[in-house]
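> Here is the input, now give the coordinates:
(chains A, B, C and D)
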There are 2 protein chains.
Amino acid sequence: MPIRNHVLAAVSPADYARLVPQLTQATLTFGDILYEPGDRIRYVYFPDDALVSLLTVVDRHLALEVGMVGREGMVGLARALGVVTSPMRALVQGGGTAWRMSAMAFHKSLGQNASLQNAVNAYTHFLLMQVAQTAACNRFHDVPARLARWLLMTRDRLNADQFRLTHEFLGHMLGVRRVGVTTAASELRRQNLIEYQRGHIVILDRPGLEKAACSCYHALKWSAK
Amino acid sequence: MPIRNHVLAAVSPADYARLVPQLTQATLTFGDILYEPGDRIRYVYFPDDALVSLLTVVDRHLALEVGMVGREGMVGLARALGVVTSPMRALVQGGGTAWRMSAMAFHKSLGQNASLQNAVNAYTHFLLMQVAQTAACNRFHDVPARLARWLLMTRDRLNADQFRLTHEFLGHMLGVRRVGVTTAASELRRQNLIEYQRGHIVILDRPGLEKAACSCYHALKWSAK
DNA sequence: TGACGTATGTTCGATCGCGAACAGACACGC
DNA sequence: GCGTGTCTGTTCGCGATCGAACATACGTCA
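Next up is the predicted model:
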């Protein structure tokens, strides 16, 4: 079972050996909610090819995606900062596998395991940048550019050029109406950058999509491929 | 010299005693830029009554405030996460005093000083929530509500009901045009919530302003007064 | 006192995204 | 094969904000 998760991969071999017994493989399926805001964090997750969205919930019903966690990161980060409840909703946006660990074991491991702590710190920084960039992006860039960015980020994390997502779902992620997504998507399609039908999206021209995306995409590339 | 900064205040007396020799008092003045994105972090700052804005810079010239640091926090947090350069611009938005420490000493102290590490972790979590909330707020709430929230957050950190700020400056913080601020501000003034002239803003009715502000203000109150 | 710089106020048309409603089109189950 | 639910496409009027331009008012300093 190769570990593709970057946080785990950054742990030194000796430390990693002590971590392994705590890790179990979990299959996350689309639509699962790992936590709602305020939920106790019982497990932390290190995605391999799963993809989890972090959503800030406002006024109990409005939700906006502020971060996206794939194999470059982990879910349940708050636990590493000494907080036992999740501040956000964590929604599985792309099904796949992830390594799971009890929050308790994770907390203990952090104290005994400097390379894990370092890897988690580095990811914390990355996530903070991602959230900050998203904030600015939502303010300054229009829907087509944000959609293009979102598709590219998803692509990179799922490592696939096609995936299943409806306009309705995308609307929730981007914080716009479904119709807004339809308009933006059909514009991208007109340019032959993507193709889609009934929840199935295909990226046809990745370089072209990068041009259509705002600079935020490049600002948030992770270093390792 | 009483320490009002919450991060430093959370450090245990024994640990704090070892920290003191490293700290020097600094006066931050309005308009100072502590770091630009990419700048090496040479010092970290723990504001007492100064107020620092964290701005994400997009496309080299657009900037949006994503966080606000007063005595509840610290500036240069990235250094605690193992990153030596600042990801954001840190702009002094309210002059005042802060405790300053070299980044090197800070880094060393973190390793030797568990209560400092815990306090920094807690603040990291708070900042992450603040940035996420700001992202959602910018998407869902209109300018008058955001302005009201911003004024209240500033008030809490400066601990004063009046301060000097122009509409132009506020526009940069909120990511809107100056005219948009003027319109929103005059609406708040019409309701007798605030008063202002030529860069001097007075909060007349704090409870009323809280009602005018979006829920994001309450979502981000720090526990300790 | 007068001139200049800065801060605020007002207006204009344009654009973007909103909420709502309805129309087709595909997919799956009976 | 047919009905039903889901997904996408289109339209409409509305409101918020934009960019730009210009008008007014205050303050400072020569």
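
> So residue A:106 versus residue B:104, what's the distance?
30 Å (C-beta to C-beta, to the nearest Å). Every residue, glycine included, has its C-beta placed from N, CA and C.

> quick one, which of these two is more surrounded?
Each of residue A:106 and residue B:104 has its neighbours counted (other C-beta atoms under 10 Å in any protein chain shown); residue A:106 has more, 24 against 12.

> what's the helix or strand for that one?
helix A:103-112 (DSSP states H and E).

> Pull out the buried positions in that helix.
A:103, A:106-107, A:109 (16 or more other C-beta atoms under 10 Å in any protein chain shown).

> list the contacts for the residue of chain A found nearest chain B?
Proximity of chain A to chain B (C-beta to the nearest C-beta) peaks at residue A:135, 3.5 Å away. For residue A:135, the residues meeting the contact criterion (C-beta atoms under 8 Å, 6 or more residues apart in numbering or on different chains) are A:66, B:56, B:64, B:66, B:131-132, B:134-135, B:138.

> who in chain A is up against DNA strand C?
A:142-143, A:175-177, A:179-180, A:197-198 (C-beta under 7 Å from any atom of the strand).

> Just the buried residues out of these, in PyMOL syntax.
Typed into PyMOL, the line below selects the buried ones among the residues of chain A next to DNA strand C, using 16+ other C-beta under 10 Å:
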select buried, chain A and resi 143+175+176+180
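
> Closest to residue B:117 out of the buried residues of helix A:103-112?
Distance ranking of the buried residues of helix A:103-112 against residue B:117, using C-beta to C-beta, places residue A:107 first at 13.6 Å.

> Distance check, the closest one against residue B:201.
45 Å.

> hang on, the earlier thing: helices or strands up against the helix holding residue A:106?
Here helix A:103-112 touches helix A:13-19, strand A:43-47, helix A:114-140, going by 3 or more C-beta pairs under 8 Å, 6 or more residues apart in numbering or on different chains; DSSP states H and E.

> circling back to that earlier point, just give the closest residue to the residue of chain A closest to chain B, not the sequence neighbours.
Of all residues not flanking residue A:135 in the chain, residue B:135 sits nearest, at 3.5 Å (C-beta to C-beta, 6 or more residues apart in numbering or on different chains).

> Please apply the same query to residue A:115.
residue A:12 (4.2 Å).

> roughly how far apart are that neighbour and DNA strand C?
Distance of residue A:12 to DNA strand C, given as C-beta to the nearest atom of the strand, to the nearest Å: 46 Å.

> Please state the backbone phi and psi of that residue?
Backbone torsions of residue A:12, given as degrees, to the nearest 10, read phi -70, psi 150.

> ditto for residue A:167
Backbone phi and psi, for residue A:167 under degrees, to the nearest 10, turn out to be phi -60, psi -40.

> and it, what is it in contact with?
So residue A:167 contacts A:178, A:181-182, A:185 (C-beta under 8 Å, 6+ apart).

> Among these, name the buried ones.
Using 16+ other C-beta under 10 Å, the buried members of those are A:181, A:185.

> Make a markdown table from the contacts of residue A:167 and add secondary structure, pLDDT and distance to DNA strand D to it.
A markdown table is the format used below for the contacts of residue A:167 (DSSP: H, G, I helix; E, B strand; the rest coil; pLDDT from 0 to 100; distance: C-beta to the nearest atom of the strand, whole Å):
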| residue | secondary structure | pLDDT | distance to DNA strand D |
| --- | --- | --- | --- |
| A:178 | helix | 95 | 6 |
| A:181 | helix | 96 | 8 |
| A:182 | helix | 96 | 4 |
| A:185 | helix | 96 | 6 |
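
> Just flag the most distant two among the contacts of residue A:167.
So, the contacts of residue A:167 by C-beta to C-beta: farthest apart are A:178 and A:185, at 10.2 Å.

> what residues are shared contacts of those two?
Common neighbours of residue A:178 and residue A:185, using C-beta under 8 Å, 6+ apart, are A:167, A:170.

> measure stretch A:197-204 end to end?
13 Å (C-alpha to C-alpha, to the nearest Å).

> got the buried residues for that stretch?
A:201, A:203.

> Please apply the same query to stretch A:215-225.
A:215-217, A:219-220.

> before we move on, what about stretch A:51-68?
A:51-58, A:62-68.

> Can you list which of the residues you listed are found in strands?
A:51-58, A:62-68 (DSSP state E).

> of the residues you listed, closest to DNA strand C?
Of all these, residue A:62 has the smallest distance to DNA strand C: 8.8 Å, by C-beta to the nearest atom of the strand.

> Near the residue lying closest to that closest one once chain neighbours are set aside, how many other residues are there?
Nearest non-adjacent residue to residue A:62, counting by C-beta to C-beta, 6+ apart: residue B:140, 5.3 Å away. Per other C-beta under 10 Å, the neighbour tally for residue B:140 reads 20.

> Serialize the helices and strands packed on helix A:103-112 to JSON lines and add fields for distance to residue B:154 and mean pLDDT.
What follows is those, written out as JSON lines (distance: least, C-beta to C-beta, whole Å; pLDDT from 0 to 100):
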{"stretch": "helix A:13-19", "distance to residue B:154": "44", "mean pLDDT": "93"}
{"stretch": "strand A:43-47", "distance to residue B:154": "36", "mean pLDDT": "98"}
{"stretch": "helix A:114-140", "distance to residue B:154": "18", "mean pLDDT": "96"}
